[in-house]
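*Asks:* Sequence below, structure please.
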Amino acid sequence: MTILSKRIFDKIKLDDAPFLQQGAIKVTGVNGAGLKVEGHAVMDIILDGHKYTHPIFVCEVFPDAILGQDFLLKHVSAIDYKRLKLNSRNSSLSCWIASEAEMSCRVEVSETTVIPPHSGAWIIMKIPRANKLAPVGMIAGKRDLPPGLNIPDCIIDTSEEVQKINVLNFSPDEVKHHCNMVLGLAESLYIHEGVHDRCASVYCDANADASNSQSTHLPGHLKDLWQRSSKHLSIDESADLAILLAKYQQVFATSSADLGRTSQVEHRINTGTACPIRQPPRRQPLGKREIEKRRDPEDAGTGSN
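*Replies:* This is a model prediction of the structure:
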């Protein structure tokens, strides 16, 4: 999936920000931890001056944005890894590597160690390809460790020759960690300073064409209808429905007070040769009298029933 950082999404002006659709979507990071998903919407991605409309998920992630495989399969015809280029039907986009620290490395046990019950120990570890990490790294323990074991997240100096990690054993039995056993993942840790594009820019175009503008600015009285109707629709189908509702929003009443008589249509009933008759008005049925009493005063005079 293609992801936009919530930090970047919050910088979009409120009037231009697209409406985020909610859904039962779970996103897991490379370390196995779940990522909070704020929602998704159809936005415009600008690559080398060309616009690509694509569904984007807003999550709490560190990178500004991530172009997912869904975007690459739909819009990118070829990836030239040697020349670092993305070739689309419209252009050839040059890419660059912000740092060699954009990778995750396994954290393995260097030598077999036994941890007594209800205790902790510093285990000598090794990180293959640690030279590809930033000078400062962060270690996150595996989520599927044996019951009772815990590895607190920690910060390390990746340049040190001997690395140790604290492993806690809360179980009543001793635990043996064999050589080359994987304990977790090490990732680069650094401060992101200044405004620096780490990926292709992703933003909501305030001057987008009418259809995209309508889908991202759905009137408030139609949002509930859209959400309920999109329950079993795909992302693209949901976006199409939003465009349809926004296009014909004038045919939907904004409230009960918006209902009433119309002069747009004339209705004729052919009574043949029958003569007109006069009847006294009928009383309201008992079941409807309480409803009539609770009627919104704003509806009075609209002629709605």
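
*Asks:* burial count for residue 16?
*Replies:* Close neighbours of residue 16, defined as other Cβ atoms under 10 Å, add up to 15. In short, each C-beta sits where N, CA and C put it, glycine included.

*Asks:* same thing with residue 181?
*Replies:* When neighbours are defined as other Cβ under 10 Å, residue 181 has 16 of them.

*Asks:* Touching, it and residue 107? I think so.
*Replies:* No - checked against Cβ atoms under 8 Å, the pair residue 181 and residue 107 is beyond contact range at 9.7 Å.

*Asks:* Flag every buried residue along the longest helix anywhere in the chain.
*Replies:* If you go by DSSP state H, the chain has its longest helix at helix 235-247. Using 16 or more other Cβ atoms under 10 Å as the test for burial, helix 235-247 gives 235, 238, 239, 241, 242, 243, 245, 246.

*Asks:* Distance from whichever helix or strand comes after it to the middle of the chain?
*Replies:* Where DSSP states H and E defines the elements, the next helix or strand beyond helix 235-247 is helix 286-293. Averaging C-alpha positions (Cα atoms, centre = their mean, to the nearest Å) puts helix 286-293 46 Å from its chain's average.

*Asks:* can you list the residues that contact helix 286-293?
*Replies:* Under the contact criterion Cβ atoms under 8 Å, 6 or more residues apart in numbering, helix 286-293 has outside partners residue 284.

*Asks:* And for stretch 121-130?
*Replies:* Applying Cβ under 8 Å, 6+ apart, the contact partners of stretch 121-130 are 103, 105-111, 113, 115, 133, 137, 158, 162-167, 169, 177, 183, 186.

*Asks:* For it, measure first residue to last.
*Replies:* 23 Å (Cα to Cα, to the nearest Å).

*Asks:* got the buried residues for that stretch?
*Replies:* 121, 123, 125, 126, 127, 130.

*Asks:* hmm, back to that, tell me how far the longest helix of the chain is from the chain's mean position?
*Replies:* Worked out by Cα atoms, centre = their mean, helix 235-247 lies 18 Å from the chain centre.

*Asks:* In this protein, where is pLDDT below threshold?
*Replies:* Residue ranges of the chain with pLDDT under 70: 30-32, 81-84, 94-103, 190-217, 295-305.

*Asks:* And the residue minimising distance to the centre of it, how far from residue 187?
*Replies:* Nearest to the geometric centre of the chain sits residue 57, at 2.7 Å (Cα atoms, centre = their mean). Separation of residue 57 from residue 187 (Cβ to Cβ, to the nearest Å): 21 Å.

*Asks:* picking up where we left off before, what subset of the contacts of stretch 121-130 is buried?
*Replies:* With neighbours counted by 16+ other Cβ under 10 Å, the contacts of stretch 121-130 contain buried members at 105-110, 113, 115, 133, 137, 158, 163, 165, 167, 169, 177, 183, 186.

*Asks:* Surely residue 108 is in contact with residue 181?
*Replies:* Yes - using Cβ under 8 Å, residue 108 is in contact with residue 181, at 6.5 Å.

*Asks:* picking that back up, is it possible to export the buried residues of stretch 121-130 to a markdown table including secondary structure and distance to residue 145?
*Replies:* Supplementary listing: the buried residues of stretch 121-130 in a markdown table, determined by DSSP: H, G, I helix; E, B strand; the rest coil; distance: Cβ to Cβ, whole Å:
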| residue | secondary structure | distance to residue 145 |
| --- | --- | --- |
| 121 | strand | 14 |
| 123 | strand | 13 |
| 125 | strand | 14 |
| 126 | strand | 18 |
| 127 | coil | 18 |
| 130 | helix | 21 |
